[in-house]
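In: Pasting the sequence and the predicted coordinates here, then a few questions.
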Amino acid sequence: MREATTHPSARTTTHPPLRYRIITASLLTLAATYFLIPVYWLAVSATKNSADLFGTFSFWFAHPRPFAYLRDVLTYDHGVYLRWFTNSLLYAGVGALAATLLSAAAGYALAKFPFPGREAVFNLVLAGVLIPGTALALPLYFLFSSMGLANTYWAVLLPSVVSPFGVYLCRIYAAAAVPDSLLEAARIDGAGEPRIFAGLALRLMTPALVTVFLFQFVHIWNNYFLPLVMLSDSDLYPIQLGLTSWTGYADRQPELYQYTVGGAFLSVLPLMVLMTVLQRYWRTGLTEGSVKA
């Protein structure tokens, strides 16, 4: 009798054993719970007043009035929170967009244009990834002070447009996702380098660009030390620095505890929306847009 043979495609579709799937699902559930508990606590606490924040169970509601309390946050001190929120959107949105475009251009150039010292430049970029931002805050302050830019929007915006990690990621992704043969075909058809970069390379690099934009947006949105060093005018504060200033007066004005928690809850909503909107771009594979052999 002839032995039964298993088709190769049947072996590749075999599911892992049930116990491994259970272990994987359990670990993922624990990780999700770990990260979601603070968000749940923040959502619950935003519905409480200052007395209930300290006098009731932290993870359950007590006399919830979320819309009234959040309205108090938005209207306190002539709506200064809205000013801080707008500042954060400006710093994070403009800074992340500019950083993404600069990283894309630099990464594409390092990946596709050979020139003397290219690897040395790339190694310098890698060294920049290892330098913490806090180590550069004071030198940047002295530099911007000498230029007359301290305590201005530019003092936070200009350092935010530089992303060594973004350059590194774009260089690696451009090398893998933008085929040289496709670039040569575009050049033969008469396309110039700016058109090739804007119309072809940027589209193929979309997943990397979305990743850089999101990482840089979150970094700038949560940045505290740089605005603390650069800014002294409260009208220029981002959300993080503004909420910290509220906690400094909370001992004398207990309602500021409630406003700080409510403001922190509102501050995470843009990040949640941005993550939800942009995550579909990460499903694109590295081979999207490649040339068929």
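Out: Cool, the structure landed. Residues are numbered from 1 along each chain as shown.
In: Quick check: next helix or strand after the top helix by length along the chain?
Out: Assignment by DSSP state H gives helix 80-112 as the longest helix of the chain. Once helix 80-112 ends, the next helix or strand along the chain (criterion: DSSP states H and E) is helix 118-130.
In: what comes up buried for the next helix or strand after that following helix?
Out: Downstream of helix 118-130, the next assigned helix or strand under DSSP H and E is helix 133-146. For helix 133-146, burial by neighbour count (16 or more other C-beta atoms under 10 Å) applies to 136-137, 140-141, 144. Glycine gets a C-beta too; all of them are placed from N, C-alpha and C.
In: any chance of these in a markdown table, plus distance to residue 68 and pLDDT?
Out: Putting the buried residues of helix 133-146 into a markdown table (distance: C-beta to C-beta, whole Å; pLDDT from 0 to 100) gives the following:
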| residue | distance to residue 68 | pLDDT |
| --- | --- | --- |
| 136 | 43 | 88 |
| 137 | 39 | 88 |
| 140 | 42 | 92 |
| 141 | 41 | 93 |
| 144 | 41 | 94 |
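In: Now render these as a markdown table, adding distance to residue 170.
Out: Below are the buried residues of helix 133-146 laid out as a markdown table (distance: C-beta to C-beta, whole Å):
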| residue | distance to residue 170 |
| --- | --- |
| 136 | 21 |
| 137 | 25 |
| 140 | 24 |
| 141 | 29 |
| 144 | 27 |
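In: now, which of those residues sits nearest residue 37?
Out: Nearest to residue 37 among the buried residues of helix 133-146 is residue 137, at 31.5 Å by C-beta to C-beta.
In: quick one: the closest one and residue 154, what's the gap?
Out: With the distance defined as C-beta to C-beta, to the nearest Å, residue 137 ends up 15 Å from residue 154.
In: same question, residue 103
Out: Distance from residue 103 to residue 154, by C-beta to C-beta: 20 Å.
In: of these two, who's got more company?
Out: The neighbour count for residue 103 versus residue 154, taken as other C-beta atoms under 10 Å, is higher for residue 103 (28 against 14).
In: got a list of what that one touches?
Out: Contacts for residue 103 were tallied using C-beta atoms under 8 Å, 6 or more residues apart in numbering; they are 163, 166-167, 169-170, 212.
In: so for the longest helix of the chain, what's the average pLDDT?
Out: Here helix 80-112 scores 95 as its mean pLDDT.
In: Taking helix 118-130 as reference, get the angle to that helix.
Out: Computed with axes from the mean of the first three to the mean of the last three C-alpha atoms, to 10 degrees, the direction of helix 80-112 lies at 150 degrees from that of helix 118-130.
In: Distance from helix 80-112 to the middle of the chain?
Out: Relative to its chain's centre, helix 80-112 lies at 10 Å (C-alpha atoms, centre = their mean, to the nearest Å).
In: How are the helices of the stretch 151-293 of the chain distributed by residue range?
Out: Remark: helices assigned in the stretch 151-293 of the chain by DSSP state H, counting those that start in this stretch are 154-160, 164-177, 180-188, 193-196, 202-204, 206-222, 225-230, 239-247, 255-278.
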